[in-house]
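# Requesting a structural model of the entry that follows:
(one chain, ligands or ions: 1)
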Amino acid sequence: MFPLLLLLLATAHGLEELSYKPTLAGPELGGLTTNSTFVLEQPRCVFTKAQGDAVIWLVVAISKAVPNFNNSMGLGTFQGFPTTAPAYMTLNTTLLNYPCPKSPGEITVLRVGSETSCVRDETRPTCNGPLPGPGPYQVKFLAFKDSKPVAETGWSDPITLKTAQPLGSTPAMGSRHSAGMIALTSILSILFAILLAGLMAMLVFHSDAYGGSSIFSKPEAVTVQRYNTHHVYDQPAARL
Ligand SMILES: *[C@@H]1O[C@H](CO)[C@@H](O)[C@H](O)[C@H]1NC(C)=O
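Here you go, the predicted structure:
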């Protein structure tokens, strides 16, 4: 009953629900997901019924905000995303930029998160800035005409980004490291302890053998005989 009511409301407001779901571009199109960006297929031949001068926006939302998402109240600024805003709109372009059909060989992708200059610029709330974490995110395209939403696609599947290299690989490597390090340190400490024990035993033995006198208490053993080296300097002169 409730979804039906929503659908009726949406129709009443003239918002056309399209069955298309935004999809990640394939790897052959450089559809590499990084730790702050992902690449989408452009919505080609999707908004055929929306009028030619519609402006198409991309809505980026955190996945957990999607079930209760409301186009009118859910949209915030990129700068507030995702702490104060569960979603923001970006990559606005006129439908003319998504011509249908696309020419063969044409690269028709959108990189979400590629703009770094406006990350903290509050005057650019629609900044296509780097995504603030691994997500998951969901996106949909929304068509506006005369500042009113007229059509929208479905939500994409959840998109999870790569965890940042320094954050993702270091703890794993760090724990492996520390395990190895602990083993190595233990072995080294044991070896060192054995060595130290041996040395102590040798010292004790040594001092016992010499009737209790330590080898270090023999000053004459380390006394260096002084020589008068004066004649050494005279030698070459004498030979000439
Ligand atoms: C996209 O949105 C910005 C900010 O609202 C606006 O200045 C710009 O003209 C828009 N571009 C298009 C193609 O609609």
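# From now on I want contacts and neighbour counts done on CA atoms only, so please keep to that.
Fine.
# Where does this protein get nearest to the ligand, residue-wise?
Thr93 (3.9 Å; C-alpha to the nearest ligand atom).
# In three-state terms, how would that residue be classified?
strand (DSSP: H, G, I helix; E, B strand; the rest coil).
# Could you do Ala61 as well?
Following three-state DSSP, we place Ala61 in the strand state.
# ok so, going back, show me the contacts for the residue of the chain closest to the ligand.
By C-alpha atoms under 8 Å, 6 or more residues apart in numbering, the residues touching Thr93 are Val55, Ile56, Trp57.
# just checking, which of the residues you listed belong to strands?
Judged by DSSP state E, strands contain the following of those: Val55, Ile56, Trp57.
# tell me the pLDDT at Lys64?
Lys64 is assigned a pLDDT of 93 by the prediction.
# surely Arg44 meets Leu96?
No: Arg44 is beyond contact range of Leu96, at 10.2 Å (criterion: C-alpha atoms under 8 Å).
# For the two, indicate the residue with more neighbours.
In this view Arg44 and Leu96 are compared by other C-alpha atoms under 10 Å, and Arg44 has more residues nearby, 16 against 13.
# what's the pLDDT at that one?
For Arg44, pLDDT reads 91.
# Does it fall in a helix, a strand, or a coil region?
At Arg44 the chain is in coil, as set by three-state DSSP.
# give me every residue that touches it.
Residues near Arg44 by C-alpha under 8 Å, 6+ apart: Tyr98, Pro99, Cys100, Pro101, Lys102.
# Ala179 is in what secondary structure piece?
Ala179 belongs to helix 165-209 when assigned by DSSP states H and E.
# where along this structure do the helices fall?
For the chain, applying DSSP state H gives helices covering 2-12, 165-209, 219-222, 230-239.
# circling back: let's have the ones in strands among the contacts of Thr93 in a markdown table, adding pLDDT.
Listed next are the ones in strands among the contacts of Thr93 as a markdown table, based on pLDDT from 0 to 100:
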| residue | pLDDT |
| --- | --- |
| Val55 | 93 |
| Ile56 | 94 |
| Trp57 | 94 |
